[in-house]
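sequence and predicted structure are below.
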Amino acid sequence: MGETLAPVQKRTMNVKEAAEYIGVSPTNFRMNIAPSITPVRVSPGRIVYLLQDLDAYLDRLSGKTVQASGPTGWEQFT
């Protein structure tokens with residue numbers, strides 16, 4: 001029997017997807033939101049945005065404080 005794989009969770013979104021995720025038009029995203037988020041150039045002419053950066057933008061916009069992650073346990077090896 002074949003195995004069913006879990007769907008791959010996307011880590012990046014193009015402008016259209018990112019705009020939809022935020023809830024604005026692609027034009028609004030390009031003009032007002034994209035300048036405050038670091039783009040990732042995955043190839044010439046292909047720019048995407050990290051999902052975690054979009055989430056952080058929404059957190060800042062809503063006034064939520066983003067907490068730094070705590071110790072991982074690996075500090076003793078550095």
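Cool, got the structure.

in the chain, which spans are helices?
15-22, 26-28, 51-62 (DSSP state H).

any idea which of these gets closest to residue 8?
Among the helices of the chain, the nearest to residue 8 by Cβ to Cβ is helix 51-62 (12.6 Å). Backbone N, C-alpha and C define where each C-beta goes, glycine included.

ok, and what's touching that closest one?
When contacts are defined by Cβ atoms under 8 Å, 6 or more residues apart in numbering, helix 51-62 is touched by residues 10-13, 18, 21-22, 33, 36-38, 65-66.

again, 10 Å this time
If you take Cβ atoms under 10 Å, 6 or more residues apart in numbering as the criterion, helix 51-62 is touched by 9-13, 17-19, 21-23, 29, 33-34, 36-40, 49-50, 64-66.

just how off-centre is it within its chain?
Distance of helix 51-62 from its chain centroid, counting by Cα atoms, centre = their mean, to the nearest Å, is 8 Å.

in that helix, what's buried?
Residues of helix 51-62 classed as buried by neighbour count (16 or more other Cβ atoms under 10 Å): 51, 53, 54, 57.

average pLDDT across it?
Helix 51-62 shows a mean pLDDT of 94.

taking their axis directions, it and helix 15-22 sit at what angle?
Helix 51-62 runs at 40 degrees relative to helix 15-22, counting by axes from the mean of the first three to the mean of the last three Cα atoms, to 10 degrees.

send the alpha carbons of helix 51-62 over as CSV?
The C-alpha trace of helix 51-62 is given here as CSV (Å, rounded to 0.1, in the frame of the first residue of the first chain):
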residue,chain,number,x,y,z
LEU,A,51,6.2,33.3,6.6
GLN,A,52,7.9,34.1,10.0
ASP,A,53,8.7,37.6,8.8
LEU,A,54,5.1,38.1,7.7
ASP,A,55,3.9,36.9,11.1
ALA,A,56,6.3,39.1,12.9
TYR,A,57,5.1,42.1,10.9
LEU,A,58,1.5,41.3,12.0
ASP,A,59,2.6,40.9,15.6
ARG,A,60,4.3,44.3,15.5
LEU,A,61,1.3,45.9,13.9
SER,A,62,-1.0,44.5,16.5
